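J.: Just a sequence and a predicted model for now, questions to come.
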Amino acid sequence: MTDDELVERITRLVDEEHRLEGSRIGKGLSEGDARRLRDLEVALDQTWDLLRQRRARRAAGMDPDAAEARDPRTVEGYRQ
């Protein structure tokens with residue numbers, strides 16, 4: 001994926017996340033929607049991580065296409 005494709009994917013995921021979050025105002029999410037929201041959060045973290053890897057590789061004079069998506073356990077285990 002190119003950087004532009006990753007940004008487009010992030011935008012789509014954020015839009016869906018906002019729709020789900022907006023639907024729960026005053027009533028909460030169904031079990032399926034809550035699961036989907038968590039999946040979206042993980043997908044967003046992975047996509048942002050891949051975009052950051054690509055940018056870092058490019059800045060270091062390396063091939064950004066060599067960046068690889070990391071598994072959810074790795075991405076979700078990052079310290080803030």
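T.: Thanks, I have the structure now.

J.: Tell me the spatial nearest neighbour of Leu6, not counting adjacent residues.
T.: Leu51 (4.5 Å; CB to CB, 6 or more residues apart in numbering). The way it works is simple: take the backbone N, C-alpha and C, and place the C-beta from them, glycine included.

J.: Can you read off the pLDDT for that neighbour?
T.: pLDDT recorded at Leu51 is 98.

J.: how close does it get to Thr11?
T.: Here Leu51 is placed at a distance of 12 Å from Thr11 (CB to CB, to the nearest Å).

J.: more neighbours, these two?
T.: Ranked by neighbour count (other CB atoms under 10 Å), Leu51 and Thr11 place Leu51 first, with 19 against 10.

J.: packing partners for the helix or strand hosting the more buried one?
T.: Using DSSP states H and E, Leu51 sits within helix 31-59. Judged by 3 or more CB pairs under 8 Å, 6 or more residues apart in numbering; DSSP states H and E, the packing partners of helix 31-59 are helix 3-23, helix 72-76.

J.: mind listing what's buried in the last one?
T.: Think helix 72-76. By neighbour count on 16 or more other CB atoms under 10 Å, the buried set for helix 72-76 is Val75.

J.: Now tell me what touches it from outside.
T.: Here helix 72-76 makes contact (CB atoms under 8 Å, 6 or more residues apart in numbering) with Val42, Asp45, Gln46, Asp49.

J.: Any stretches of the chain with poor pLDDT?
T.: Residue ranges of the chain with pLDDT under 70: 79-80.

J.: swap the cut-off to 80 and go again
T.: Low-confidence segments of the chain, defined by pLDDT under 80, span residues 23-27, 78-80.

J.: Would you point out which residue is most central in it?
T.: The residue lying closest to the centre of the chain (CA atoms, centre = their mean) is Leu44, at 1.2 Å.

J.: Excluding chain neighbours, give the residue nearest to it in space.
T.: Leu13 (5.0 Å).

J.: Next, the contact list for that neighbour, please.
T.: Leu40, Ala43, Leu44, Thr47.
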